[in-house]
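When you get a sec, could you give me coordinates for this:
(one chain, ligands or ions: 3)
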Amino acid sequence: MIKIKSNREIGLMRKTCTLAASVLSYIEPFIKPGVSTEEINVLCHDYIIKHDAYPSPLDYHGFPKSVCTSPNEVICHGIPSPDVILKDGDILNIDVTTYLNKFHGDTNKTFYVGNVDPKIKELVEVTYKCMREGIKTVRPGAHVGDIGAVIQAIAESAGYSVVEEYCGHGIGREFHEDPQIVHVGIKGKGVKIKKGMTFTIEPMINFGSKECDLQKDDWTVLTKDRSWSAQFEHTILVTERGAEILTLRPEENENF
Ligand code: MF3
Ligand code: CO
Ligand code: CO
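Numbers count the residues shown, from 1 in each chain. Ligands and ions are numbered 1, 2, ... in the order given. Reported below is the predicted structural model:
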């Protein structure tokens, strides 16, 4: 069942999504060589609690931490750890979900740690473009397949692959609601998009093959070929005119 949000619910979605976005802005200056992903987890956790919200990942189906931290060959759902210490040249995705006034807001960004190889920077930039162009297809009457088709075309024409096992999702009172937003597809196919829907677009793009390798902790997802992987995520609201990006950061505006 796909929930259409009322004006009141949209107001609350705006608040939680603005907070989630502000966590990514807040954490950026801490992302440096020598910092552990557990330190990043604690900083994000404390920031979210201080803003009267709860970090949705904490205890979600048993997830042990407050944010997901996914470096390099980790596709998604990396678990913060004092043993994972950032080093020059790494990339790190931080995925933040906040629960505020009974609504979830979900966003992530892939950060650079020091000086990153230009080939990897290109992967990250193309992944951002995939998310942005996916968002641009959204309007009432469009289909979910339109989003996937655009993302797949951009990623594959750059020589990369799109992860299919993990998807975007409706979001609101629940962390993961219908519909699923698959990041590959065919234009005109899939669920028809309606005004008042809120969902995420969060493509995971691999430098090598799309194949995933779930680790024994049952959370960490690596690329099977250990090539590096990038991701960006926004929560969007469908309006008459298109998509409003609820998790847009102020410093990000110029890119859209
Ligand atoms: N935030 C992730 C998403 O974009 C989900 C993380 S589930 C968790 O859907 F349990 F790992 F937090
Ligand atoms: Co999400
Ligand atoms: Co997320």
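
any chance you could map the helices in the chain?
7-27, 37-50, 118-136, 144-157 (DSSP state H).

and of the ones you listed, who's closest to Lys192?
Across the helices of the chain, Lys192 has its closest neighbour in helix 144-157 (8.0 Å, CB to CB). Using the backbone N, CA and C atoms, a C-beta is placed for each residue, glycine as well.

Show me the shaky parts of this protein.
Scanning the chain for pLDDT under 70 picks out 254-256.

So which residues on it come close to ligand 1?
By the rule CB under 6 Å from any ligand atom, the part of the chain lying against ligand 1 is 57, 60-61, 63, 68, 77, 95, 97, 106, 202, 233.

Of these, which is the most crowded?
When neighbours are counted by other CB atoms under 10 Å, Thr97 leads these with 29 neighbours.

How about that one, nearest residue that isn't a chain neighbour?
Counting by CB to CB, 6 or more residues apart in numbering, the nearest residue to Thr97 once its immediate chain neighbours are dropped is Ser56, at 3.8 Å.

So what's the residue count around the one you found?
Neighbours of Ser56 under the rule other CB under 10 Å: 25.

How about Tyr160?
Tyr160 has 22 nearby residues by other CB under 10 Å.

So which of the residues of the chain next to ligand 1 is the closest to ligand 2?
Checking the residues of the chain next to ligand 1 against ligand 2 with CB to the ion, the nearest one is Asp106 at 4.1 Å.

quick one: the closest one and Leu100, what's the gap?
12 Å (CB to CB, to the nearest Å).

Pull the contacting residues for Val182.
By CB atoms under 8 Å, 6 or more residues apart in numbering, the contact list for Val182 reads 144, 148, 164, 167-168, 190.

who's the residue in the stretch 151-256 of the chain that ligand 3 sits nearest to bridged to?
Using CB to the ion, the single residue of the stretch 151-256 of the chain nearest to ligand 3 is Glu233, 4.9 Å away. On the basis of DSSP bridges, Glu233 is bridged to Asn108.

one step back: just the residues of the chain next to ligand 1: which are in strands?
Judged by DSSP state E, the residues of the chain next to ligand 1 include 68, 95, 97, 106 as members of strands.

ok, and of these, which contact ligand 3?
The subset of these within reach of ligand 3, by CB under 5 Å from the ion, is 95, 106.

what's the closest of the helices of the chain to ligand 2?
Nearest of those (CB to the ion): helix 7-27, 10.2 Å.

And the closest one, what's buried?
9-10, 12-24, 27 (16 or more other CB atoms under 10 Å).
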